[in-house]
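In: Based on what follows, work out the 3D shape:
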Amino acid sequence: MIRTILLFLVVLVGTEVHAQLVPPAKPDGFVYPPGRRVDQDTVLIEAFFDPVCGDSRDAWQPLKQALEHYGSRVALLLHLLPLPYHDNAYVSSRALHIVNSVHANATFSLLEGFFKHQALFSNAQTQLLSRPEVVDKIVKLGTVTLGNSYEHVLKSGFSDSKSDLATKVSFKYSASRGVYGTPTFYVNGFVISDAPLDLGGWSKIIDPLVTSQEVETQDNIITFKRQS
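Out: Residues are numbered from 1 along each chain as shown. The predicted structure is shown next:
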């Protein structure tokens, strides 16, 4: 029932996206590892996560292992989809946009902080808290996770409309792609029906793509030598 309602909302929001959303100044998403070059030979994984979603949390470590295993051949573009039935999804997603404006590495450190302390931001734990009280908890988590210098960064960021706009863009971008649940994965633009649960699951998807690229590269080298 919840998924049906959310799908309806995505369709509704998606209609507004095409009618009203002005393209952002830069594409949505956070590249991992930060600074990784993405070119036509890179296997690109796009992940749609909610920082307070348990399934997103469980999917992160296997995905991270795959990225480390394949090195420069694979890159991640992480999109945020704050689900409406997670009370603190939007404000936690906004925090990630705030710290990303300072340092890209901080984005994933804070994401892991949310995953580690996810219970603190569950609906049940925060149902009696006001929004400013939840923000204060997030600022404290960010300060402990990233260092004292981020206390001011987060406090000022939540007063800045730029982070609010960036979070809205992330949600609307997800809707424009037809994504209505987390985690959702795309590999080279094609949706993966079932989220891999371990490195082996990711290897089944990525190995054929990497092998295909290596064969194509080798063929190009042989062709070049023959022409020379």
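In: any idea which helix or strand carries the spatially most central residue of the chain?
Out: Central residue of the chain (C-alpha atoms, centre = their mean): residue 78, 2.8 Å from the mean position. Following DSSP states H and E, one finds residue 78 within strand 74-80.
In: who are the neighbours of that strand, in terms of helices and strands?
Out: Packing partners of strand 74-80 (3 or more C-beta pairs under 8 Å, 6 or more residues apart in numbering; DSSP states H and E): strand 30-32, strand 43-49, helix 54-70, helix 89-100, helix 161-176. All C-beta atoms are positioned from the backbone trio N, CA, C, and that covers glycine.
In: for the chain, which spans come out with low pLDDT?
Out: Applying pLDDT under 70 to the chain picks out residues 1-21, 212-228.
In: again, 50 this time
Out: Low-confidence segments of the chain (pLDDT under 50): 1, 4-5, 8, 11, 15, 17-19, 215, 217-225.
In: Residue 135 contacts residue 91, correct?
Out: Yes: applying C-beta atoms under 8 Å, one finds residue 135 in contact with residue 91, separated by 6.2 Å.
In: shared neighbours of those two, anything?
Out: By C-beta atoms under 8 Å, 6 or more residues apart in numbering, residue 135 and residue 91 have these common neighbours: residue 158.
In: that older thread, which stretch among the helices and strands packed on strand 74-80 comes nearest residue 121?
Out: Among the helices and strands packed on strand 74-80, the nearest to residue 121 by C-beta to C-beta is helix 89-100 (6.3 Å).
In: Now do that closest one: which elements does it pack against?
Out: Using 3+ C-beta pairs under 8 Å, 6+ apart, helix 89-100 sits against strand 74-80, helix 104-116, helix 131-146, helix 149-157, helix 161-176.
In: Now the terminal residues of stretch 65-79, how far apart.
Out: 19 Å (C-alpha to C-alpha, to the nearest Å).
In: Next, the contact list for residue 50, please.
Out: 56, 80-83, 86, 89, 93, 182.
In: Repeat that for residue 138.
Out: Contacts of residue 138 by C-beta under 8 Å, 6+ apart are 91-92, 95, 121, 154.
In: about what we covered before: what does the strand holding residue 78 rub up against?
Out: By C-beta under 8 Å, 6+ apart, the residues outside strand 74-80 that reach it are 28-33, 36-38, 42-51, 63, 66-67, 93, 96-97, 108, 111, 167, 170-171, 173-174, 179, 206, 210.
In: Just the buried subset of those, written out for PyMOL, thanks.
Out: Remark: buried members of the contacts of strand 74-80, expressed as a PyMOL selection using 16 or more other C-beta atoms under 10 Å:
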select buried, resi 28+29+30+31+32+42+43+44+45+46+47+48+49+50+51+63+66+67+93+96+97+108+111+167+170+171+173+174+179+206
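In: Now the two most distant members of the contacts of residue 138.
Out: Counting by C-beta to C-beta, the most remote pair of these is 121 and 154, 14.5 Å apart.
In: how many neighbours does residue 102 have?
Out: 15 (other C-beta atoms under 10 Å).
In: correct me, but it touches residue 156?
Out: No: using C-beta under 8 Å, residue 102 is not in contact with residue 156; the gap is 10.6 Å.
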